[in-house]
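Student: Sequence and predicted model, in that order:
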Amino acid sequence: AGVTRAPAEGQAVSELLRRAAQRARSAERTGRLVLTSDPRDREDPTGRAVHPLRPEDLALLADLRAGLARGELWLALQPQVAARTAKLVGLEALVRWRSPVHGQVPPGRFVPLAERTGLVDELTLWVLGAALDAAVRLRSAGVRVPVSVNVSARSLGIPGLADRILSALAARGLPPEALTVEITETAAFDVERAAAVLGPVHEAGVAVSIDDFGAGFTSLAALPRLPVDELKVDLAFVQRMRTSPADRAVVVAVQTLAAHLGLRSVAEGVEDDELAEELARLGYDVLQGYGPGRPMPEADLLAFVRARDLLDQPVAAEVEVS
């Protein structure tokens, strides 16, 4: 259903019907009632069909909302290493949910559901805060690398998001370079909105990354207009590059594009040393995947860093984590 109100949103019958019809189409795509004119309720630029939410999806979302309030979410950190030296250069913060009802719920199950509703905004802000709290503890232990936080296309519309990010850093005494904001290629499709949100944080010193590059629909002409520091080639291309010449060509093209634009190139989905060596030969700057390190809790990450000698400086023997 799509609902519009008179006279606040118009008085002409044709205008009211047009608005209601637009919201009905949005409700059909997202599976939720659209009552207000939200600038984030736009046509999906990829043209992909979004199926209505099923009753079991709605039940899981209700449990996720309650889980957020009860502290059931936790953060996994995945290492990012320099392709040439294998030293730690960054961490990606990945949300996990351990539910007393559902057990350990895969992020591929609950994150897409949150992204189809307003709950993704609350989820994004939780991850941001948890990641920055982890960065404070890790930096006190000598792990002084940026932590990446994913921001979905919808969450770019969180009111005052740029100010919230900078305030969160300042409140914890963290420098801007402690954070990297990752957006998907689909989010980058809306150049004006992405630039309006990311411009201020990038100018302050926060790095910006485009994730899943090559799988979306970003116009190459839009890239110079965005405040971007790195491109992360979609992991599907990396995982298929040894058996598919076409996928390998995409991996090579993304690195070449990044190099010519003066951006860091990041390869995800790196599963073994042989693939890591090949990507380094192709010129990739940073590697991420199960080979360099799986996503892991903060305490395990410190042990992992010590065991693999991933830092130039020694890591403190003790650090309090939560």
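Tutor: Nice, thanks for sending it over.
Student: quick check: mean pLDDT across stretch 55-67?
Tutor: If you average the pLDDT over stretch 55-67, you get 90.
Student: can you pull the buried residues of it?
Tutor: Buried residues in stretch 55-67, defined by neighbour count with 16 or more other C-beta atoms under 10 Å: 57, 60-61, 63-64, 67. In this view, the C-beta of every residue, glycine as well, is placed from N, C-alpha and C.
Student: hey, where'd the helices end up in the stretch 101-250 of the chain?
Tutor: 107-115, 119-140, 161-171, 185-188, 191-204, 235-240, 245-261 (DSSP state H, counting those that start in this stretch).
Student: In terms of secondary structure, what does the shortest one contact?
Tutor: By that I understand helix 185-188. Under the contact criterion of 3 or more C-beta pairs under 8 Å, 6 or more residues apart in numbering; DSSP states H and E, helix 185-188 touches strand 207-213.
Student: who touches the strand it packs on?
Tutor: For strand 207-213, contacts defined as C-beta atoms under 8 Å, 6 or more residues apart in numbering pick out 146, 148, 150, 177, 179-185, 188, 198, 201-202, 218, 226-235, 254, 266.
Student: Could you do stretch 61-74 as well?
Tutor: Against stretch 61-74 from outside (C-beta under 8 Å, 6+ apart): 53, 95-102, 105, 110, 113-114, 117, 119, 122-123, 126, 130, 297.
Student: out of these, which are buried?
Tutor: Buried subset of the contacts of stretch 61-74 (neighbour count, 16+ other C-beta under 10 Å): 53, 95-97, 99, 102, 105, 110, 113-114, 117, 119, 122-123, 130.
Student: among those, which two are most distant?
Tutor: Maximum pairwise distance among these (C-beta to C-beta): 26.3 Å, between 53 and 130.
Student: By residue count, tell me the biggest strand in this structure.
Tutor: Looking across the chain with DSSP state E, the single longest strand is strand 88-99.
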